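>>> coords please:
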Amino acid sequence: MVRLSVNINKIATLRNARGGNVPDVVKAALDCERFGAQGITVHPRPDERHIRFLDARDLKPLLKTEFNIEGNPTADFIKLVLEIIPAQVTLVPDTAGQLTSDHGWDTIKNLGKLREIIAEFHRSGIRTSIFLDPDVKMIEYAQATGTDRIELYTESFAKEFPKNRDVAILPYAEAANAAQKLGLGLNAGHDLNLDNLNYFAANIPGLLEVSIGHALICDALYFGLENAIQLYLRQLKHTF
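Got it, this is the predicted structure:
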């Protein structure tokens, strides 16, 4: 079964909007685990507008499932990851002030940089994943970085899905096949939701993990957090 990692950034956004500690980000993460999530993802940004570096530090000793920290590998981010030693770090090429992640790495231009950073994380026993568009050439160069996994950026799939799901999935299936041939593990995330998740998971060979935050937290407003997590898990269990 494909594993579900819940991204809790939006819970932190809500907390930060008012100040204080409501909702409690740490409690929410532990509840996600209790409700069936198989991992917790956080994406601290330099301005800490949602997840704060302190949140990541507070979560590490308490989480029982896989802890995934994603973000742009700035000096502060690298220092945080090496301090915490999560199960997985996902490298994302965010730019300053970026609203949300909106593109994958150019692994050709950044080959040397990524190789050096990944080697440093490997020395601390941290599994690495790099955020990529569904581009076979970029995946081929991703292998040269030494990364363990790639995470496919799925926004274009989500946008095209309502128009023609069979067309929307094609570049992702091709990318997944390429990753498998190269021996790379495969994750995916961004705009996956209750409408498109089942189809995506059923048609992507070798998919190991999805990271879902915005859509799941929005659904939790209607269904409750426990029910929302169970609905997403059900989509991953029942494939075509």
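>>> and the gap between the most centrally placed residue in the chain and Leu182?
The structure's the chain has its C-alpha centroid closest to Ser211; by CA atoms, centre = their mean the separation is 4.0 Å. Going from Ser211 to Leu182 by CB to CB, to the nearest Å gives 21 Å. (C-beta placed from N, C-alpha, C; glycine too.)
>>> cool, and Val81?
For Val81 relative to Leu182 (CB to CB), the value is 24 Å.
>>> which residues are in contact with the longest helix along the chain?
The longest helix of the chain (DSSP state H) is helix 165-181. Helix 165-181 is contacted by residues 132, 134-136, 139-140, 150, 152, 154, 156-157, 159-161, 185-186, 188, 196, 199-200, 203-207 when judged by CB atoms under 8 Å, 6 or more residues apart in numbering.
>>> Can you mark which positions in it are buried?
Using 16 or more other CB atoms under 10 Å as the test for burial, helix 165-181 gives 165, 168-169, 171-172, 175-179.
>>> re earlier: tell me the secondary structure for the residue nearest to the centre of the chain?
Of the three states, Ser211 takes strand under DSSP: H, G, I helix; E, B strand; the rest coil.
>>> Can you get me a residue count around Leu80?
19 (other CB atoms under 10 Å).
>>> how much space between the residue lying closest to it once chain neighbours are set aside and Pro86?
Once flanking residues are discounted, Leu80 sits nearest to Phe53: 5.5 Å by CB to CB, 6 or more residues apart in numbering. Distance, Phe53 to Pro86, by CB to CB: 13 Å.
>>> between the two, which one's more packed in?
Pro86 (25 against 19).
>>> hang on, isn't that one packed against Phe67?
Yes. Counting by CB atoms under 8 Å, Phe67 is a contact partner of Pro86 at 4.1 Å.
>>> quick one: average confidence on stretch 151-165?
For stretch 151-165, mean pLDDT is 97.
>>> pLDDT weak spots in the protein?
Applying pLDDT under 70 to the chain flags residues 95-102, 238-240.
>>> Show the residue spans covered by the strands in it.
3-7, 39-42, 66-71, 88-91, 127-132, 149-153, 185-189, 207-212 (DSSP state E).
>>> Please dump the ones you listed into CSV; it should also carry distance to Asn227 for every row.
Converted to CSV, these look like this (distance: least, CB to CB, whole Å):
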stretch, distance to Asn227
strand 3-7, 13
strand 39-42, 18
strand 66-71, 22
strand 88-91, 27
strand 127-132, 29
strand 149-153, 26
strand 185-189, 21
strand 207-212, 15
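>>> circling back to that earlier point, quick check on the contacts of helix 165-181: which are buried?
The buried subset of the contacts of helix 165-181 - by 16+ other CB under 10 Å - is 132, 134-135, 139-140, 150, 152, 154, 156-157, 160-161, 185-186, 188, 196, 199-200, 203-204, 207.
>>> OK, contacts around the closest residue to Arg57 other than its chain neighbours?
Among residues not flanking Arg57 along the chain, Ile84 sits closest, at 6.4 Å (CB to CB, 6+ apart). Neighbouring residues of Ile84 by CB under 8 Å, 6+ apart: 56-57, 60, 67, 69.
>>> By neighbour count, which of those wins?
Ile69 (25 neighbours).
>>> so that residue bridges to which residues?
Val42, Val89 (DSSP bridges).
>>> can you check Val210 too?
Beta-bridge partners of Val210, as defined by DSSP bridges: Leu4, Ala188.
>>> Contacts only, for it.
Val210 touches 2-5, 187-189, 192, 197, 200-201, 236, counting by CB under 8 Å, 6+ apart.
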